[in-house]
Each structure stands twice: as structure tokens, then as C-alpha cells.
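In: have a look; sequence and predicted model below, questions after that.
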Amino acid sequence: MEKEYMQRKDYIDICKVVAMFMVTWAHCAQQISGMMFPKLLVSKDAFISVNMAIFMIASGLVMNLPKMRSTPFWEFFYSKVLRLLVPMTIWYFLLMMALYPKRLDYWETYWYLSAMFICLITIRLLAQVITSTFVICLLSIIVLLIMPFLEFERSCYMMPFLWVGYALRFLINRIDNKVLLLLVALYGILYYYWDVRYSIYNCPFRICDVSQNSILFMIYRFVIGSVGSIAVISLIRIMVESDRFKWIKILAKYGQYTLVFYTMSFVLNAMLARLMWHIGVYITIPGLLDFVSCIISLFMMVLMYNFQKIVENKNVICQLLGVICRKS
């Protein structure tokens, strides 16, 4: 019988770090260019097609349904509020202080965390009364598609990726170099047709306003997100298992900090935006924009890691900010 639960592995943590860097890099490029969708040489907003999908698929890889089912619902609910919504709230108010007087919607700002919370709670509720994993998967996707969440509309976009990750645990070891090349080639073909107007930001899927185009866009971005993410995850797994790329394992230790990286990066980028607004200088030249935003993002990652190390032994602060507490 195949294992229901996959233990935490280095390549999963590395994938989360890579995805986190892509998120930070994309947001940084937005701030120093003054554009919502800046034109980078390395992509035409291709980050959007895979970055959040990688996070969700990585989470699906380690999702423990038996443990979720055995945990009393209110205990599970409380743990997710404490782990996701409390840090989301604290960092939201810090972000508003950095952006003042500009305002952002609470649920919209850290939408990945709210989507993750809704997805996990939905699965836990269904697991309470349903034993079949396939039925839970199917119903959880349907439930989020038909619920009028408004601000939560991206939850229905994220749920399928969570289940892709759950299914991937049974297939990941079968993906060798040849399969990886096929995945990369397929992503290249899909990427050729990628345009930012297909993203969830510009074309959310609303069941109350469904059309042929919206269905096609939803299917397309699910396929490109899945193929691209699986290719990235498989590549990193193969590198981790190869003696030639031992250095990449160094990144694994940062994977447990991606929650604070994600929440704090918004605040740092908001401060960067205020600086750019103040001096009135923006970088929009492709290539130069790539380089500068990449360097600044690397600096931010180092800064956020050092912040984590400073406060990690303060339990209350860790709980409020989503920082990993240092184990005694």
C-alpha cells in the first residue's frame, strides 16, 4: 500500500525557496519599474504562471490527510488561524503603515494565505464525513468553484494545484531526465502562448459570470501552472539526488521560513515603493530591470533571514509574525 503521507524532503523546501524568490523578484520589479506587470527579459510575466502553483503543489506533496482527519476540527481550525491568519493580520497592519495613506483590501493583500486557509478548512470539513480521497478532492474543487467568495475567488484557482501535489507524491520518483525534458518542452510550448491577460489577476474564474473564454483561460493556466511547477520540482529533486549539485542542499534550510519571507517581503517592497515614489526614478529597461530587481531581491532575502534569526527565540513574536520558533 502506498504511503498516504510524504515526509519533508530537502527538494520540497528548496522548491519553496525558489518560488519565494520568484515572488519577491516579481514584486520588486513592480516597485522599481512603477508597472503592475513589468516586462522582464527572463519572462513575459512567466513567474505568474508558476510561482504560486509551486507553493501549492509543494504543500500538496506533504499534505497529511490521516492526521487532518484525526485532529478534532476546532483544534485544526485554531491551528490554521494561528499559523496563517494571525501573521497575515499583523503583517497586513505593518504593510498599511508602510503604505499609508494608500489602502489595500485585507483578504486581497495576502491572498495566498487566505486561499490556503480556505482550501485546508474545506478539505478538513469534507474529510470529517468522507473517507474516499478522490471524492474529497472532487467535492473540494466543486465547493470552491460554486461558493460566492468574492475576495476569496482565487481559492478555487489554488485548490486544484494542492491536489496535483498530493497526486504527484506517487509519481515524482518516476520522473527521470527524459520525462523532465518532455515536461520542459511542453512548458515551452505552453509558455509561447502565455499572456498576462490569462492570469488569475486579470481573469478570475467566477461561476456567476462564466463564459467559454473564462473556462479556456482557467484550463490553460491550470495546465501551464501544473506542467511548469512539476518541471521545476522534478529538476530540483534530480539535482538534490545528484552528487554534482550538493551545493543546492544549502537552500533547504531556508524552506521552513517561507511564511515570514512571504509576509515580510510585501512590507519591504512597500517601503521600496515609497522610496521610488519619493525620488521619482524608475527603471523600466528590460535587462537592467532584471538585474537590479534580482540584486535587491537577494538583499531582501538575506535581510528577512536575519530578521528570522533575531526573533526566533521569542515565542510570542514568532506566533504573531509567523516566524519559526527555535527548538530547544
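Out: Cool, the structure landed. Just so we're clear, the structure is a prediction, and the values are computed from it rather than from any experiment.
In: let's test this: mean pLDDT of the helix or strand harbouring Phe134, rounded?
Out: Using DSSP states H and E, Phe134 sits within helix 133-146. Mean pLDDT, computed over helix 133-146, is 92.
In: okay, buried residues for that helix please.
Out: Residues of helix 133-146 classed as buried: 136-137, 139-141, 143-145 (neighbour count, 16 or more other CB atoms under 10 Å). Where you see a C-beta, it was placed from the backbone N, CA and C, and this is true even at glycine.
In: check those and tell me the two furthest apart.
Out: Using CB to CB, the buried residues of helix 133-146 span at most 14.9 Å, a distance reached by Ile136 and Leu145.
In: got the buried residues of helix 133-146 as CSV, with distance to Val17 columns?
Out: Shown next, in CSV, are those (distance: CB to CB, whole Å):
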residue, distance to Val17
Ile136, 29
Cys137, 27
Leu139, 33
Ser140, 28
Ile141, 28
Val143, 32
Leu144, 28
Leu145, 31
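In: from these, pick the one nearest Arg197.
Out: Proximity of the buried residues of helix 133-146 to Arg197 (CB to CB) peaks at Leu145, which lies at 21.2 Å.
In: I figured that closest one hits Cys156, correct?
Out: Yes: judged on CB atoms under 8 Å, Leu145 makes contact with Cys156 at a distance of 4.9 Å.
In: so which bits of the helix or strand of the chain with the lowest mean pLDDT are buried?
Out: Sorted by mean pLDDT, DSSP states H and E, the helices and strands of the chain end with helix 106-109, the least confident at a mean of 74. Within helix 106-109, the residues that qualify as buried are 107, 109, counting by 16+ other CB under 10 Å.
In: what distance separates the very next helix or strand once past that helix from the centre of its chain?
Out: Sequence-wise, the next helix or strand downstream of helix 106-109 (DSSP H and E) is helix 111-129. Distance of helix 111-129 from its chain centroid, counting by CA atoms, centre = their mean, to the nearest Å, is 15 Å.
In: by contact count, what packs against helix 111-129?
Out: Helix 111-129 sits against helix 47-61, helix 65-70, helix 73-80, helix 86-99, helix 133-146, helix 155-168, helix 258-279, with contacts defined as 3 or more CB pairs under 8 Å, 6 or more residues apart in numbering; DSSP states H and E.
In: again, only using 7 Å
Out: helix 47-61, helix 65-70, helix 73-80, helix 133-146, helix 155-168 (3 or more CB pairs under 7 Å, 6 or more residues apart in numbering; DSSP states H and E).
In: quick one: those helices as a markdown table, columns for distance to Ser226 too.
Out: A markdown table is the format used below for the helices and strands packed on helix 111-129 (distance: least, CB to CB, whole Å):
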| stretch | distance to Ser226 |
| --- | --- |
| helix 47-61 | 7 |
| helix 65-70 | 20 |
| helix 73-80 | 25 |
| helix 133-146 | 14 |
| helix 155-168 | 5 |
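In: quick one: which of the ones you listed is nearest Tyr257?
Out: Nearest to Tyr257 among the helices and strands packed on helix 111-129 is helix 47-61; the distance by CB to CB comes to 13.5 Å.
In: quick one: mean pLDDT for that closest one?
Out: For helix 47-61, mean pLDDT rounds to 89.
In: quick one, that helix and helix 258-279 angle?
Out: Angle of helix 47-61 versus helix 258-279, following axes from the mean of the first three to the mean of the last three CA atoms, to 10 degrees, is 160 degrees.
In: that older thread, ok, the buried residues of helix 133-146 vs Phe291, which is closest?
Out: Distances from Phe291 to the buried residues of helix 133-146, taken by CB to CB, are shortest for Leu144, at 39.3 Å.
In: what sits against the closest one?
Out: Applying CB atoms under 7 Å, 6 or more residues apart in numbering, we find Leu144 in contact with 122, 155-156, 159.
In: repeat that for Cys137.
Out: Residues near Cys137 by CB under 7 Å, 6+ apart: Trp163.
In: try it again at 8 Å.
Out: Contacts for Cys137 (CB atoms under 8 Å, 6 or more residues apart in numbering) come out as 163, 166.
In: ok, it to Ile317 distance?
Out: Here the distance between Cys137 and Ile317 works out to 37 Å (CB to CB, to the nearest Å).
In: what of Ile48?
Out: According to CB to CB, Ile48 stands 32 Å off from Ile317.
In: same check, this time on Ile236
Out: 31 Å.
In: do Ala58 as well
Out: Going from Ala58 to Ile317 by CB to CB gives 26 Å.
In: same check, this time on Val267
Out: Distance from Val267 to Ile317, by CB to CB: 15 Å.
In: and Leu171, by the same measure?
Out: Counting by CB to CB, the gap between Leu171 and Ile317 amounts to 40 Å.
In: report how many residues lie close to Ile285.
Out: 12 (other CB atoms under 10 Å).
In: could you measure it against Asp195, distance?
Out: Going from Ile285 to Asp195 by CB to CB gives 22 Å.
In: same check on Asn213?
Out: Remark: distance between Asn213 and Asp195 (CB to CB) = 13 Å.
In: picking up where we left off before, comparing Val267 and Ile317, which residue is more hemmed in?
Out: Ranked by neighbour count (other CB under 10 Å), Val267 and Ile317 place Val267 first, with 18 against 14.
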